[in-house]
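Student: Turn this into a structure:
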Amino acid sequence: MKKFTYVLSVLLFAFTVNVQAQESETNDVQNNQTTVVEHMVTEVANVNSVVISYDVRIELVDERSGQPVDPRTLPGYAAENLDTNQVYYPGYYDYNEFSNLPAGTYRFDSYNGYFDGSSSAVVTLDPSLEGNDGFIVVTLQYWSE
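Tutor: Have a look, this model is predicted:
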């Protein structure tokens, strides 16, 4: 009987140690999984901030009459990201349209002509500003002498 009790005690001890080791491994795995998930969430947030881009269209409005003015009246346009100081230009064929501007705050300007020009506008690009066509419209006030 003593031998049986001794064997039973050893088996019970081994079982208890095994259960504790498995619990420790489970906790380590759960901690590692939590760390991996937190890292993945951070990476997704970083990717989203890089991926978000906007299309912007410049429109001109006469400062006196409020009537629309053809954007080709002025020699060109530029958008400066105020955070990075990087300047963007519209495409050759899309004279007044900027494609894929990264998220940020921009100052939109025109190149003035000899006797005409426009105001500038500071806009923080945001999805709520997008129209049905996917463009954010920035209106500049056109002036002429």
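
Student: show me the residues around A103 that make contact.
Tutor: S49, I52, S53, Y54, L125 (Cβ atoms under 8 Å, 6 or more residues apart in numbering). Quick note: C-beta positions are derived from backbone N, CA and C, even for glycine.

Student: what about D55, neighbour count?
Tutor: 17 (other Cβ atoms under 10 Å).

Student: ok, now which ones touch the nearest residue to it once chain neighbours are set aside?
Tutor: Leaving aside its sequence neighbours, D55 sits nearest to F135 (Cβ to Cβ, 6 or more residues apart in numbering; 4.9 Å). By Cβ under 8 Å, 6+ apart, F135 lies in contact with D55, V56, R57, E97.

Student: So which of the residues you listed is the closest to G76?
Tutor: E97 (12.1 Å; Cβ to Cβ).

Student: so which strand or helix has the nearest residue to the closest one once chain neighbours are set aside?
Tutor: Leaving out its chain neighbours, the residue that sits closest to E97 by Cβ to Cβ, 6+ apart is R57, at 5.0 Å. Using DSSP states H and E, R57 maps to strand 53-62.

Student: Now that strand: buried residues?
Tutor: Y54, D55, V56, R57, I58, L60, V61 (16 or more other Cβ atoms under 10 Å).
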